[in-house]
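*Asks:* everything below, folded, please.
(one chain, ligands or ions: 1)
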Amino acid sequence: MDFTDKTVVVTGSARGIGRSIAESFAALNANVVICDLDQQQVEAVAAEIGARAVGFKADVTSVADLEQLFEKVVEKFGRVDVLVNNAGITRDTLMIRMNEKDWDTVLDINLKGSFLATKLAAKIMMKQRSGRIISISSVVGLTGNAGQANYAASKAGLIGFTKSAAKELAARGITVNAVAPGFIQTEMTEAMPDAAKEAFLVQVPLKRPGTPQDVASAVLFFASDAASYVTGQVLAVDGGLTMQ
Ligand code: NAD
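*Replies:* Numbers count the residues shown, from 1 in each chain. Reported below is the predicted structural model:
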């Protein structure tokens, strides 16, 4: 795979899966845009990734931030070839105890943030008559999970959103797909109690947690020429946890 002259925007890419996705594209010669909440952090990560990376601060819940982000990307690189909607958070608790704020915050960042970024990127991609949009959902969006009603709803919503956008944008040469990771070792899952991690892992046929690179590989596939006839799909990267 080679992404020379392609510009890739990855939201929430200061660490974890997003950072690994950005590094993977940069290693294949893409221009990568690191986008996250803190300006100093995105600049530092971009500097570590190398000359083809730039860091632009953007909160995906802010239309103004996202408008500025895409303006700056087009100013610098002239185009947007790939958008990866990766920014996401959890606010886990049982549904019966879940407050409205934790519901709204998770839905705003994980689902609405992806809609807002996709809408702006799609406007640019429609003019180009090409583009790839890839959203990071989750296996819990397919299966549900006790203690994650807000998160599972946001990730299931992302799948419906992906399929709808895929149908709307196909005629303009834009594909829209989603990756549904299972249990991936990052700071997000590090916060889980050991017992919960063990309970998850015993159900994984491949008997190991996934790595950010495992998720990045699936994203690279959707962004590559190899996936030019693939749209509206959800690829589980979960060690076999959910087989349907
Ligand atoms: P992480 O917490 O390590 O990283 C998430 C990044 O998103 C952070 O850098 C954070 O600052 C950024 N972010 C949060 N809110 C933001 C906002 N409003 N605007 C911009 N950036 C924001 O998480 P991760 O484990 O790397 O997860 C990345 C994505 O993968 C998330 O969407 C997550 O739901 C999904 N996912 C993770 C796992 C897993 O096991 N780790 C499994 C399935 C899906």
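*Asks:* longest single strand anywhere in this structure?
*Replies:* Identified as the longest strand of the chain according to DSSP state E is strand 174-181.
*Asks:* other SSEs contacting that one?
*Replies:* helix 113-128, strand 131-136, helix 149-169, helix 212-223, strand 234-237 (3 or more C-beta pairs under 8 Å, 6 or more residues apart in numbering; DSSP states H and E). Any C-beta I mention is one placed from the backbone N, CA and C, and that applies to glycine too.
*Asks:* any bit of that strand sitting next to the ligand?
*Replies:* Yes - against the ligand, strand 174-181 shows contacts by C-beta under 6 Å from any ligand atom at residue 181.
*Asks:* who does that strand pair up with?
*Replies:* Partners of strand 174-181 in the sheet, by DSSP bridges, are strand 131-136 (parallel), strand 234-237 (parallel).
*Asks:* in the last one, what counts as buried?
*Replies:* Think strand 234-237. By 16 or more other C-beta atoms under 10 Å, the buried positions in strand 234-237 come out as 234, 235, 236, 237.
*Asks:* same list (the strands paired with strand 174-181) but as a markdown table, adding mean pLDDT and distance to residue 118.
*Replies:* Below are the strands paired with strand 174-181 laid out as a markdown table (pLDDT from 0 to 100; distance: least, C-beta to C-beta, whole Å):
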| stretch | mean pLDDT | distance to residue 118 |
| --- | --- | --- |
| strand 131-136 | 98 | 6 |
| strand 234-237 | 98 | 16 |
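*Asks:* returning to what we had before: show me how far the helix or strand following the longest strand of the chain is from its chain's centre.
*Replies:* As assigned by DSSP states H and E, the chain's next helix or strand after strand 174-181 is helix 187-190. A distance of 16 Å separates the centroid of the chain from that of helix 187-190, by C-alpha atoms, centre = their mean, to the nearest Å.
*Asks:* now do the buried residues in helix 187-190.
*Replies:* residue 189.
*Asks:* that one and the ligand, are they touching?
*Replies:* Yes - with C-beta under 6 Å from any ligand atom as the criterion, the ligand is reached by helix 187-190 at 187, 188, 189.
*Asks:* how about the last one: what's its closest non-neighbour residue?
*Replies:* The spatial neighbour of residue 189 that comes closest, neighbours along the chain excluded (C-beta to C-beta, 6 or more residues apart in numbering), is residue 183 at 6.3 Å.
*Asks:* my guess is that neighbour meets residue 200, correct?
*Replies:* Yes - counting by C-beta atoms under 8 Å, residue 200 is a contact partner of residue 183 at 4.9 Å.
*Asks:* where does this structure come near the ligand, residue by residue?
*Replies:* 11-12, 14-18, 36-37, 59-61, 86-89, 109, 113, 136, 138, 181, 183-184, 186-189.
*Asks:* export the strands paired with strand 174-181 to JSON lines and tack on distance to residue 161?
*Replies:* Output for the strands paired with strand 174-181, formatted as JSON lines (distance: least, C-beta to C-beta, whole Å):
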{"stretch": "strand 131-136", "distance to residue 161": "7"}
{"stretch": "strand 234-237", "distance to residue 161": "11"}
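*Asks:* more neighbours: which of residue 183 and residue 200?
*Replies:* Between residue 183 and residue 200, counted using other C-beta atoms under 10 Å, the more crowded position is residue 183 (21 against 17).
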